[in-house]
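Peer 1: heads up, no residue letters with this:
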Ligand SMILES: Cc1cc2nc3c(=O)[nH]c(=O)nc-3n(C[C@H](O)[C@H](O)[C@H](O)COP(=O)(O)OP(=O)(O)OC[C@H]3O[C@@H](n4cnc5c(N)ncnc54)[C@H](O)[C@@H]3O)c2cc1C
């Protein structure tokens, strides 16, 4: 029998935890080193004044990818004492949308109900809207195996079944043009175009520059549904940590990795910042750190893939975590207050890094689904606007952004919420970078503001160093919880093939 791998995972983000789980389930000895005081990366929580906030992701789709980890552990380690399987609630709606002209729309999970309310609100053509959503689903199913579930960079293991799925549909896919152009051509009605354009922000991109291929994203909500993990988004981190530990993964927090060490084209281990004299041995290293610091800091002596590292970053965010007095009946878990001119908003972000006087505002209120997240009669508002991934520039503009956000809420919902703010905490691109090592505080690694973006994300296996692998939002297939989980699956399957 082959000797088990000694594997080290750098970073306990959702992808790092998933990679550690998969490797441990397959019998590797896994040690995970996390710079922060606790695991989770962007998927952590903050408690203040009786309020609980999920700090990063709030929209949860494709939960089967977490259940798949439970099943994987169970199949490979039937003898292990594993935690109860991951649980979540499926929601009857995804988002409440609001416009300043007084229009609003509830995006019901039931497609017929959604199409009916959109038809009523905007006089939209029901069959065209129905066909638009159905096409998103068919494209998603045709392309997911190639673009999301396997490496785009390896011949070995490239699935024939993936190509078989896409070939009959290939002529129906929009290979050229932008997402905005695609939505405008098929929907025409401006509110609906804006609603479907916003799916480019799922990976921090601009719908007026991102490829029409991103039209597969609405299927995640309108076809596969939106969900809420029991315990909130942070429940995902807690579950993955419990699963990893039950499989014997050693999780070390407050343990920033200083260097990945290699010799003669092979990784040999890592050294930690707190003890750079001790080499911690490994024959496999999986980096869940952003690919920029992985090369610049952890592997400074290795030639870096400059073209990939120079890709435009995704947007970052300024997030206000407000404890709010009172209950606000027209809002739900996910709420979006759209700007009047989406194109101008993205142009402003691209030129000045901030959205100007009329930002699109996202409000997430988890206490609507999990009342214990706020004191009685209050709500926990996570209020976010998109900004450029430029920490130095944005930091100074936070008070101005706050003013514009409050004014936008007042204009759109008719409420002055400033006097209702009971507790306050803010995260900026700088804060995100400091807490997670995400280069420039980008939420999703590189943006998709480029027709070739999918091919320009870093691969999951190093071709320079045997034993070196990559997972997480800055590498293939990209950012967001589902894709990060897929990156861990792809990376560990490559370990099976190559190491
Ligand atoms: C505000 C916000 C909102 C978001 N909204 C959504 C959403 O609604 N839905 C969604 O699906 N996604 C959303 N995302 C994106 C999602 O959070 C990320 O794509 C995902 O969580 C990234 O996971 P990751 O595995 O890449 O690791 P990260 O979460 O980036 O974690 C990487 C970890 O590695 C550690 N690390 C880095 N370098 C070292 C080192 N040298 N030594 C040791 N440890 C190191 C870091 O400390 C960190 O803990 C959002 C993100 C943010 C910030």
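Peer 2: Nice, thanks for sending it over. Remember, predicted model here, so these are calculated numbers, not experimental data.
Peer 1: and the nearest residue to residue 26 once chain neighbours are set aside, what does it touch?
Peer 2: Spatial nearest neighbour of residue 26, chain neighbours left out: residue 76 (5.9 Å); criterion: CB to CB, 6 or more residues apart in numbering. (Each C-beta comes from the backbone N, C-alpha and C, glycine too.) Contact partners of residue 76, counting by CB atoms under 8 Å, 6 or more residues apart in numbering, are 25-27.
Peer 1: thought residue 36 was touching residue 255?
Peer 2: No: at 9.4 Å, residue 36 does not count as touching residue 255 under the criterion of CB atoms under 8 Å.
Peer 1: picking that back up, quick one: buried ones out of the contacts of residue 76?
Peer 2: Applying 16 or more other CB atoms under 10 Å to the contacts of residue 76, the neighbour count classes 25-26 as buried.
Peer 1: Go through the contacts of residue 76 and name the one nearest the ligand.
Peer 2: residue 25 (18.0 Å; CB to the nearest ligand atom).
Peer 1: Now do the same contact list for that closest one.
Peer 2: 72-73, 75-77, 247.
Peer 1: How about the residues of this protein by the ligand?
Peer 2: Residues of the chain lying close to the ligand by CB under 6 Å from any ligand atom are 10-16, 33-36, 41-43, 56-59, 256-257, 288-289, 293, 298, 317, 319, 432, 436-438, 443-444, 472-473, 479-481, 484.
Peer 1: which residues of this protein score low on pLDDT?
Peer 2: Scanning the chain for pLDDT under 70 picks out 1-2, 156-160.
Peer 1: what domains does the record give for it?
Peer 2: 6-43+59-89+231-310+456-498, 126-223 (automatic domain parsing).
Peer 1: Among those domains, show me which one is buried the most.
Peer 2: Among the domains of the chain, domain 6-43+59-89+231-310+456-498 has the highest mean neighbour count (mean count of other CB atoms under 10 Å), at a mean of 21.
Peer 1: how about the helices in the stretch 51-200 of the chain?
Peer 2: 64-76, 111-122, 126-143, 160-166, 179-187, 190-197 (DSSP state H, counting those that start in this stretch).
Peer 1: Turn these into a markdown table, columns for distance to residue 359.
Peer 2: Listed next are those as a markdown table, based on distance: least, CB to CB, whole Å:
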| stretch | distance to residue 359 |
| --- | --- |
| helix 64-76 | 31 |
| helix 111-122 | 23 |
| helix 126-143 | 26 |
| helix 160-166 | 38 |
| helix 179-187 | 18 |
| helix 190-197 | 14 |
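Peer 1: of those, which approaches residue 223 most closely?
Peer 2: helix 126-143 (4.3 Å; CB to CB).
Peer 1: Which elements pack onto the closest one?
Peer 2: Other helices and strands packing on helix 126-143, by 3 or more CB pairs under 8 Å, 6 or more residues apart in numbering; DSSP states H and E, are helix 111-122, helix 160-166, helix 179-187, helix 218-222.
Peer 1: Could you rerun that using 10 Å?
Peer 2: helix 111-122, helix 160-166, helix 179-187, helix 190-197, helix 218-222 (3 or more CB pairs under 10 Å, 6 or more residues apart in numbering; DSSP states H and E).
Peer 1: Give me the phi and psi for the residue in the stretch 351-499 of the chain that the ligand sits nearest to.
Peer 2: With CB to the nearest ligand atom as the measure, residue 472 is the residue of the stretch 351-499 of the chain nearest to the ligand, at 3.0 Å. Main-chain torsions, residue 472, degrees, to the nearest 10: phi 110, psi 180.
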